[in-house]
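> turn this into a structure:
(one chain, ligands or ions: 1)
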Amino acid sequence: MRTRLLGMSPARLKEIALENGLPSFTGNQIARWMYKGRARSIDDMTNISKEGRARLAENYEVGIAGPSEVQTSRDGTRKYLFPVPGSDRAVEAVMIPDGDRKTLCVSSQNGCRMGCRFCMTGRGGYHGQLQVADILSQFLAVEEAGELTNAVFMGMGEPLDNWDNVNAALEVLTSDWGFGWSPKRITVSTIGVIPSLKNFLDGSRCHLAVSLHSPFADERASIMPMQKAWPLNDVLDLVKSYDFTGQRRVSFEYTMFSGLNDSPRHADALASLLKGLECRVNLIRFHKIPDFPWSTSAPERMEAFKERLEHQGITVTIRASRGEDILAACGLLAGSRNKLPEER
Ligand code: SF4
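All right, here's what the predicted structure looks like:
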C-alpha cells in the first residue's frame with residue numbers, strides 16, 4: 001500500500017524527496033501542487049522530472065479520497081458521502097451556501113464515541129479515526145473545492161478526540177505553504193475534551209464552539225454523558241482563561257428540547273454561567289431522529305429564551321436549519337451507507 005502525502009508539511013515532504021534521491025526543494029513543489037494546485041496525482045506535478053515522479057509514485061500517492069455520492073437540498077445545501085479508506089463505512093461533509101459564503105461542515109472521525117443522546121452519529125458508535133488525508137480530502141474533493149470560504153468542524157465525530165489529525169489538517173489549512181486560510185474562517189466545535197481543548201487553544205487561532213445544551217450538570221450529563229468526564233464548569237474555567245475579546249471568537253451551541261432545557265430558569269442559569277465572557281450563544285432547533293422521544297422547542301419558546309438571554313447581556317442567534325430534507329442538518333449526519341445498531 002502506498003503512503004498518502006496529503007497532510008504532510010513541507011519539512012516532511014523534503015525528507016521524502018531526499019530519501020528518494022530528489023532535490024530537497026521538491027518537497028516545496030509537492031506541497032504547492034497539493035495545497036495550492038489541488039493536484040490529484042503525483043503525475044500531475046509536471047515541474048518534477050518524469051523519472052522523479054515515477055520514483056515517488058512507487059511508494060507514495062497524493063491520497064485524495066473522493067465522495068461516492070452527493071445530494072442537493074432544496075435550499076442548495078449539498079451533502080457528500082465519503083467512503084473511509086480501509087473501512088466499510090462512510091462519513092459526510094456538507095457544503096452550505098449562504099450569500100457570498102460557502103461553508104464546509106467537515107467530519108473528523110469515523111463515527112463518534114461521545115454518545116450524545118440526541119445525535120445520529122453518536123448513536124451509530126465509533127469506528128476509528130479519520131486520518132489527516134481523509135479530513136483534507138473533504139475540502140479538496142467537493143465540487144466547490146475552489147470556492148469554499150469557511151469551514152466548521154461540526155460534522156461526524158468529536159474533533160478534539162482526534163486532535164493529532166485535526167491539528168495537522170488545521171496546519172495545512174492555515175499555513176502560508178498550505179491553503180493559506182485565515183484562522184478566522186475556521187470554527188472547531190467540541191463538547192469540551194479538556195486535554196486537547198487546551199492544546200487547541202494554545203496551538204491554534206481558529207474559532208471555538210462549545211456544545212453546551214444545559215447549564216445544569218446533572219441535566220447536561222443526561223443529554224451528553226461525557227459531562228461526567230469533562231464537567232462544563234471545568235471547560236468554562238479553561239475557556240475563560242483565554243482572550244476572546246479580539247479576533248478569535250467563542251460560541252456556545254445550545255440545542256433546544258421542548259420541556260427539557262428551554263425554561264426561563266435554564267436561560268437565567270446559562271446567562272449567569274457565561275457572565276463576563278465575550279461570546280455568542282447559538283440556539284439550534286432539534287431535528288427529530290427516529291425512535292427518540294424528545295422534540296424541538298416551539299419557535300415562540302426559542303424566541304422567548306433568546307430575549308431572556310439578551311436582556312442579560314448575551315449575544316444570541318437562532319441558527320437557521322439547512323439541508324434538513326437530505327438529512328444534512330445538525331445532529332442528523334450518520335453516513336447514509338452506515339447501518340445504525342438497531343437496523344443490523
Ligand atoms: Fe459526537 Fe458531536 Fe454527535 Fe456528540 S453531537 S455524539 S460529540 S458527533
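
> what does the stretch 1-150 of the chain have sitting close to the ligand?
Proximity of the stretch 1-150 of the chain to the ligand, by Cβ under 6 Å from any ligand atom, involves residues C112, M114, G115, C116, C119, T121, G122. Using the backbone N, CA and C atoms, a C-beta is placed for each residue, glycine as well.

> for the nearest residue in space to V166 that is not next to it in sequence, give me its contacts.
Nearest residue to V166 in three dimensions, chain neighbours excluded: P159, at 4.6 Å (Cβ to Cβ, 6 or more residues apart in numbering). By Cβ atoms under 8 Å, 6 or more residues apart in numbering, the residues touching P159 are S108, Q109, F153, V166, V188, S189, T190.

> return the subset of the residues you listed lying in strands.
Using DSSP state E, Q109, F153, V188, S189, T190 are the members of the contacts of P159 that sit in strands.

> just the pLDDT for the residue nearest to V166.
P159 carries a pLDDT value of 98.

> now do it against G178, distance only.
18 Å (Cβ to Cβ, to the nearest Å).

> related to what we said a few turns ago, reformat the residues of the stretch 1-150 of the chain next to the ligand as TSV; add neighbour count.
Formatted as TSV, these follow (neighbours: other Cβ atoms under 10 Å):
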residue	neighbour count
C112	25
M114	22
G115	14
C116	21
C119	24
T121	26
G122	23
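
> in helices only, show me those.
Among those, DSSP state H puts T121, G122 in helices.

> the residues of the stretch 1-150 of the chain next to the ligand into JSON lines, with extra columns for distance to R301 and pLDDT?
Shown next, in JSON lines, are these (distance: Cβ to Cβ, whole Å; pLDDT from 0 to 100):
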{"residue": "C112", "distance to R301": "28", "pLDDT": "97"}
{"residue": "M114", "distance to R301": "27", "pLDDT": "97"}
{"residue": "G115", "distance to R301": "27", "pLDDT": "95"}
{"residue": "C116", "distance to R301": "21", "pLDDT": "95"}
{"residue": "C119", "distance to R301": "21", "pLDDT": "92"}
{"residue": "T121", "distance to R301": "26", "pLDDT": "92"}
{"residue": "G122", "distance to R301": "25", "pLDDT": "91"}
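
> return the member of the residues of the stretch 1-150 of the chain next to the ligand nearest to K288.
The nearest member of those to K288, counting by Cβ to Cβ, is C119 at 12.3 Å.

> I figured the closest one hits G111, correct?
No. Between C119 and G111 there is no contact under Cβ atoms under 8 Å: 10.8 Å.

> assign the closest residue in space to G76 that isn't next to it in sequence to helix, strand or coil.
Of all residues beyond its chain neighbours, the one nearest G76 is P97 (4.7 Å), with distances taken as Cβ to Cβ, 6+ apart. Here P97 is strand, with the state taken from DSSP: H, G, I helix; E, B strand; the rest coil.

> so P97 bridges to which residues?
K102 (DSSP bridges).

> that one contacts S73, correct?
No. If you go by Cβ under 8 Å, P97 and S73 don't touch, sitting 9.9 Å apart.

> in the stretch 201-344 of the chain, where is pLDDT below threshold?
Scanning the stretch 201-344 of the chain for pLDDT under 70 picks out 330-331, 335-337, 339-344.

> tell me where it has helices.
217-223, 232-240, 264-274, 299-311 (DSSP state H, counting those that start in this stretch).

> adding distance to the ligand and mean neighbour count, write these out as CSV.
Below are these laid out as CSV (distance: least, Cβ to the nearest ligand atom, whole Å; neighbours: other Cβ atoms under 10 Å):
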stretch, distance to the ligand, mean neighbour count
helix 217-223, 9, 15
helix 232-240, 13, 16
helix 264-274, 18, 18
helix 299-311, 19, 15
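
> next, E19: phi, psi?
Dihedral pair for E19: phi -60, psi -20, per degrees, to the nearest 10.

> could you list every residue that touches it?
Counting by Cβ under 8 Å, 6+ apart, E19 has no contacts.

> how near is the residue lying closest to N199 once chain neighbours are set aside to the ligand?
Residue nearest to N199 in three dimensions, not counting chain neighbours: W163, with 6.0 Å by Cβ to Cβ, 6+ apart. According to Cβ to the nearest ligand atom, to the nearest Å, W163 and the ligand sit 14 Å apart.

> what about W163, how many neighbours?
Burial measure for W163: 20 neighbouring residues, criterion other Cβ atoms under 10 Å.

> was I right to think it contacts S196?
Yes. Between W163 and S196 there is a contact at 3.9 Å, judged by Cβ under 8 Å.

> hmm, H213 is touching L260, no?
No. Using Cβ under 8 Å as the test, H213 is too far from L260 to be in contact (9.3 Å).

> quick one: common contacting residues for the two?
Counting by Cβ under 8 Å, 6+ apart, the residues touching both H213 and L260 are I223.
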